[in-house]
Every structure is written in structure tokens, then in C-alpha cells.
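Engineer: Here is the input, now give the coordinates:
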Amino acid sequence: MKGIVADASVVVKYMFEEEDSALATSILENSEDVVAPDLIFAECGNVIWKRARRGGLTLERAHDALRIVHDLSLQALPLGELTADALRISLAFDHPIYDCYYVAATIQSGHTLVTADRVLAKLARDVGLEERVVLLGEA
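Structural biologist: Numbers count the residues shown, from 1 in each chain. As a prediction, the model looks like this:
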């Protein structure tokens, strides 16, 4: 793929071995331009924290996972530049603004949204991005 907007669900599959990790890795490593709202760092950090808290990650592995996110060739888009569009989408579709940042990034960048989150994929399609949504695991 040329340019993609990667959401946290895809980056988490890149950080940790789970279903569709190989596909997420292939997409992330073979895309020419990967962007995401800078919210992605908080979302990935929260996933790392949850897994560590549940005893699923050592402190060393948690730091390794964070390093993977930072080493990913990803352009973080400032939330300030996405907020007006994200809020418009959030209000129009009665959806939490967090997901709407990814949809706004997709609209503004002209890229394809790649996600493993069915709810986010549906929202993006409802907004009119049908041709620019890839849902991992979808046939």
C-alpha cells in the first residue's frame, strides 16, 4: 500500500504476537507512508500498561514494546490539526471522538485507514470512506 493511517489496534498487533500480527507487520513494513494521530502513543502505552498490570509483560518487555512503537516509521499527526474534523464526525455520528481522530486523519491525508477494530471500520465506512478502509481479518 502507498499511504496508510494505522490505528492502535494494528500497531498493537505489530508489537505483540496475536491473531493477524503477520498481516499487520506486512502492511506496516511495506507501506510507503504510515501516519496516525499522535494519540496513538497514548493508546499503545495504555495497552502496554494493561498487559503489564495483568502480569502478561515484564518491565523489560513493556519497554521493548514501547521502543517498537517509537522505532516504527510513523508520522504522528498533531491532534490540534485533526480536532475540528474529528469533533464534526463525532457529533454527526454520535461516536466517541477518539476513533474520529483516525477517520479525520484518513480524510485529511487521503490515505487508507487500516484497522482491526470493526467499530472503527464501520464508522469510517459510514462517513463515506468505504474504498479507503482495510479491516484486518476481513475476507
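Engineer: hey, which helix or strand in the protein has the poorest pLDDT?
Structural biologist: Lowest mean confidence among the helices and strands of the chain (mean pLDDT, DSSP states H and E): helix 59-71, at a mean of 92.
Engineer: hmm, who's touching that one?
Structural biologist: Identification of contacts with helix 59-71 by Cβ atoms under 8 Å, 6 or more residues apart in numbering yields 11, 14-16, 40-41, 44-45, 48-49, 51-52, 57. No exception for glycine: its C-beta is placed from N, CA and C like everyone else's.
Engineer: next one: stretch 31-51
Structural biologist: Contacts of stretch 31-51 (Cβ under 8 Å, 6+ apart): 1-8, 11-12, 15-16, 28, 57, 62, 65-66, 69, 72-79, 82, 98, 101-102, 104-105, 109, 111.
Engineer: Sort out for me which of those residues are in strands.
Structural biologist: The members of the contacts of stretch 31-51 that map onto strands under DSSP state E are 3-6, 75-77.
Engineer: Of these - the most surrounded one?
Structural biologist: V5 (31 neighbours; other Cβ atoms under 10 Å).
Engineer: Model confidence score at that one, please.
Structural biologist: On pLDDT, V5 comes in at 98.
Engineer: isn't it right up against T106?
Structural biologist: Yes. Taking contact to mean Cβ atoms under 8 Å, the distance of 4.7 Å between V5 and T106 places them in contact.
Engineer: which residues are common contacts for those two?
Structural biologist: Common neighbours of V5 and T106 (Cβ under 8 Å, 6+ apart) are 112-113.
Engineer: need the helices for this protein, in chain order.
Structural biologist: Counting by DSSP state H, residue ranges of the helices within the chain are 8-15, 21-30, 39-53, 59-71, 79-93, 97-109, 118-127.
Engineer: what residue ranges in this structure are flagged as low confidence?
Structural biologist: 1, 139 (pLDDT under 70).
Engineer: and if we set it to 50?
Structural biologist: Applying pLDDT under 50 to the chain flags no residue at all.
Engineer: Not counting its neighbours along the chain, what's nearest S9?
Structural biologist: A116 (3.9 Å; Cβ to Cβ, 6 or more residues apart in numbering).
Engineer: Run a quick neighbour tally on the one you found.
Structural biologist: Neighbours around A116, by other Cβ under 10 Å: 24.
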